[in-house]
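*Asks:* Would you be able to build a 3D model of this:
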Amino acid sequence: METRNSSLSATNLAVYHHLNCDLYLHNVYHKHTQPTTPDNVAQPEAQLLVDSQYQRGINWEATLYSWLDESNLLLKVPPMPLEAAVLYENILADDRSHFFIAGVTFDPPRASLRDRFEQAGTVPINFGVGKPDLIEITRDHQGITWKVIDAKASKSIKTSHHAQIYFYTLCLEYLLQYPAFKPSGEGGIWLPPDEGFNVVPPSISDIKSIEIPLLSRSLDSFLFERLPRLLSLPRDSVRWHFNPLCQGCKYNPECRSLAIESGRLGSMPNISISDAKTLQELLDLTEQGFPDFTRSSSDIEDLHQVVTNSEALSLLDQHFPIVAKKGKRIIGVRRKTLSDRQSAVTSSVLESARKWRDKGPSKALTKAPQPVISRRNFTCPTNEDIEFFTVSLFDSLASEGQAYSGKGSRFIIVLATIIRELTSGDDAPTAQFYVWSPAEQALLQTHLIRQALVGEVDREDIRLCIGALSQGASLLQTAFQPVLLSGALLAFLAKGKRLKAEYQACLARMELSTDGTVPELRARVEQALERLQGIGPQASRDSHEFGQLPRIVIVKKEIESMIALPIAGYWDLQECAGNEKIFKAFKKDSDGVLEEILSLRNSTIYATLNAARRVVKHHGQNLLEFMDVCRQDHLRKLFFMQQFEVLSKLNELWTTRMEGSPDAPVLQYRGSTSGLRGIEHTFTIVSGVVDVPASDKDISFFDKLLVEDLNSDTEIPLEAMFDDLAVSGLVIPLNRWTKPSWELQHPRVKENVLLADLRNVQSLNGKLVVSLRSWGTATRQVLVPGRHYRLSPRFIDFNTTKVLSSLFEMDLRWENKEDQEFGESGGEGIHDHRGVPFLQLVMEPRSFGRVPKAKESLTIEENTQRVFRSLKKLDVGPAGSLLLKPSQHRATQRLLANRLAVIWGPPGTGKTHTIALSILRLLEAQWKLDDRGQKIIFLTAMTHAAIDACQSKLERLIDCYRSIDFLELDWLDNIRIERVMRGNDHPPPARGSEATHIYAGTLYQVRYHSTYPFHRLTFSY
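*Replies:* Below is the predicted model:
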């Protein structure tokens, strides 16, 4: 398919992987030109952001080249196609062992690429000149090693970046032949520093590398198989979908017109590529199941036929519930309730798109009210006293809003001041924060987290702003943090007598008085404990909030979920105050103009929000503070990070539940039987995937919610009403002491939701059958044979409260250490940790030093490695499993030589194997050094799955040792491996025994088992 003068560049391939659009590549390769219409007239402002992003890339490259040159790491070659021999001479003429080459340009190796196409059985295509940004050169006694580096001015690595560097590497592997050149096996993307390349100089550590073999399988298939077939298709047969990613594409105007005229899915706004696939699957399933259903040339009309065919919808709900649920959610179909079976089913989104197609945009976009999507909104408040819009404040009681603007560095200070002013009175107003788009919301959250962890803003200011803006923070404050702090106080009081300074430090963190005698201070702490124990999940329902009403509402997202806009592809605030206008004013450094545009933008958002509020039924929320009780800097940051992790998990669950858990597997109830551990219920899987890890069969977490799949858009999803935090750290079934926490759940939850514990998945008579146990307090029969139920996860957390309580306890210990012994807390001395072991681990890991007889242990271990290497060469089968790779061997030696060692590696690099074999190498070395006393090893991790993996690996390696007859194995006979399931009840080792006990269990279980007074080693996995 070598069309004359047609070719694709690496940049074209990268753009394709960004757009995920076959039509883009087809148009570029076949030089398709758009018909000239008024709609095709370029919009200068719309192009401004694209141009600025391009210019940012040019500036980053210039900055990078300048830094490399100043660092004596740059070699420039003429920007013209070079032969390998010429490049080789340039490198030989340079005496540096490590440098980067800029300006390399090459013609693709057409003959070699043609061979690859022929091997794949496809027609060759042409590629254009390659121009990688940099070639990294490393030279040693073995020769010249090269690596492609591309400079990208983005925040993170994207698939499009990998596609580009892979194509360059593929071509250069044919052009730079061995032995003169050797590929490194990697490619790299050089990103700017996080702080900005205009603030911090580039660093080689910012190169993000990836192994080329990881890319080759998928990209080779694309380049040599799929791409030629795509380009050989007639243009009318090429796959494409008009969607938000099309912004900035030069073919955008034509595709928009075609999408509207032909009634494609892209004539509806904000239908993503994955959404389009779901809707196409819905149409395909309807076509397969209904012979009378005939597809037309319009996707919109086809969907209209499906939506208005009650029989088709019912069968789709019954046989393909997940696809049906997703599809109806995308186009805003009102799902029928039990009491509304005969009502007509419509989609406002479809009707709006049909109006657009029939009447044209000029008549579709009239001042007449746009149709409202029949979807109840649970995330946008109906009203509040104060509205915050990004960086502007609007008081709904006043005639005009008050605007605040400035640089990001001032945001925390200004916002904290505003919040204090608003909450200074007796009756604090309800308030809600708004941003326009998800990108703005993500940017705001990132800014908050960065300021909390590494910023220099006032600690009180940042905790106040996080409490006001962090998603899910309100639920933590009303349900989670009181439990945490009360647990910490219980631990604090249970330690017996305390110094007066310790009581004062504890009270200061709760902003309570620190005056008085020791008995008075202790009594004040006990009163605070009683108050906190009275706060719980009920507090969140007593406020104006529903569940986890977002602290930040994304206005654009809410409008899209409520209003059926007759707009194709995507929409924004371009007409009134889009990002382009703001950016243009910013570039011109026009403070007055910029503030005026920002005010116009926020006023427009405010007006739009008020227009949409007639379909929203819920209230706003009060401003609350985010708990931050630690004073030591490292502990404070860890305290924040632990809470952010909980927020992230809760928000993920919340978002899914508000959409009706569309990805949850749907099960049909068959019946119940008596099992070894009680009543077990059996279900057949109707749709979705259910997987039960074998390791969890003996552990009952009841980590799923089982709810009848009623398909109603008029009622709040039951899962969304479930309060995870109330029971997240409790053992199910609940007992008389823990059951009161369940009683605080919403009445509908207690009556209709079951906690489920999966027991097994098996195939019976060609159907997948699920067995599970359940727990609940319903007064009626929840499970009815033949009905459908959805299974979704709930938040389980037995560790966070304990971790945070420990951080709190350590912080108190740190503050109350004698200053004259360990130095001031804010100092930079080596004893700033004040002797607190965990802080010493964080701040001075090397101070733990090396283990006794480290040199001798390493010598024995090296001999062991040499023995297994020789045995492997002799084809002794098990020896291969007992041999460490070079990187693993280095990690093992570091572990044997130091009191503290950290082994790090991405998935698949053999961490589990290394830890297990390191334990055996350590025990063998100590035995041979006549250190044969009793030893205790804790093998611990956060999850049971990780424990299972490492324990089973350890047992298999012991079997490998025993299968080699001529090895000395006396030391193996002393090893005892025990699984700790109940730390408090697990028996300790017998005193006087010389056995080595390896206790495997989670941190929670090992923590309690480790209270026995014995010498121990810990491997945390």
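*Asks:* Which strands and helices lie in contact with the helix or strand encompassing residue 955?
*Replies:* In this structure, residue 955 sits in helix 944-962 according to DSSP states H and E. When contacts are defined as 3 or more CB pairs under 8 Å, 6 or more residues apart in numbering; DSSP states H and E, helix 944-962 packs onto helix 911-928, strand 935-941, strand 975-979, strand 996-1002. C-beta here means a position set from N, CA and C on the backbone, and glycine is covered the same way.
*Asks:* Parallel or antiparallel, which strands does the last one pair with?
*Replies:* Counting by DSSP bridges, the strands paired with strand 996-1002 are strand 935-941 (parallel), strand 975-979 (parallel).
*Asks:* low-scoring stretches of the stretch 401-550 of the chain, by residue?
*Replies:* Scanning the stretch 401-550 of the chain for pLDDT under 70 picks out the ranges 401-407, 423-431, 453-455, 467-496, 529-550.
*Asks:* Find the residue at the geometric middle of this protein.
*Replies:* residue 648 (8.2 Å; CA atoms, centre = their mean).
*Asks:* give me the element that residue is part of.
*Replies:* Going by DSSP H and E, residue 648 is in helix 633-658.
*Asks:* again with residue 317
*Replies:* Per DSSP H and E, residue 317 falls inside helix 310-319.
*Asks:* and that helix, what other elements does it pack with?
*Replies:* Looks like helix 310-319 contacts helix 273-289, helix 299-307, helix 321-330 (3+ CB pairs under 8 Å, 6+ apart).
*Asks:* Could I get these in a markdown table, plus columns for mean pLDDT?
*Replies:* Below are the helices and strands packed on helix 310-319 laid out as a markdown table (pLDDT from 0 to 100):
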| stretch | mean pLDDT |
| --- | --- |
| helix 273-289 | 90 |
| helix 299-307 | 89 |
| helix 321-330 | 85 |
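*Asks:* Residue 837 is nearest to which of those?
*Replies:* helix 273-289 (48.6 Å; CB to CB).
*Asks:* still on that earlier bit, tell me which residues of the helix holding residue 317 come out buried.
*Replies:* Buried positions in helix 310-319, judged by neighbour count with 16 or more other CB atoms under 10 Å: 312-313, 315-317.
*Asks:* what's the answer for stretch 647-660, then?
*Replies:* Here stretch 647-660 shows 647, 649-651, 653-654, 656-658, 660 as buried, counting by 16+ other CB under 10 Å.
*Asks:* repeat for stretch 872-892
*Replies:* 872, 878-879, 881-884, 888-889, 891-892.
*Asks:* same for the helix holding residue 648, what does it pack against?
*Replies:* For helix 633-658, the elements it packs on are helix 438-454, helix 718-721, helix 724-727, strand 788-793, helix 800-815, helix 837-843, judged by 3+ CB pairs under 8 Å, 6+ apart.
*Asks:* Please identify which of those is closest to residue 688.
*Replies:* Ranking the helices and strands packed on helix 633-658 by proximity to residue 688 (CB to CB) places strand 788-793 first, at 8.0 Å.
*Asks:* Within its sheet, name the partner strands of the closest one and how each one runs.
*Replies:* strand 666-675 (antiparallel), strand 704-708 (antiparallel).
*Asks:* Let me see the mean pLDDT of it.
*Replies:* Average pLDDT, strand 788-793: 93.
*Asks:* residues in contact with it?
*Replies:* For strand 788-793, contacts defined as CB atoms under 8 Å, 6 or more residues apart in numbering pick out 321, 653, 656-657, 661, 664-669, 683, 686, 688, 690, 703-709, 719, 756, 783.
*Asks:* That'll do, ta.
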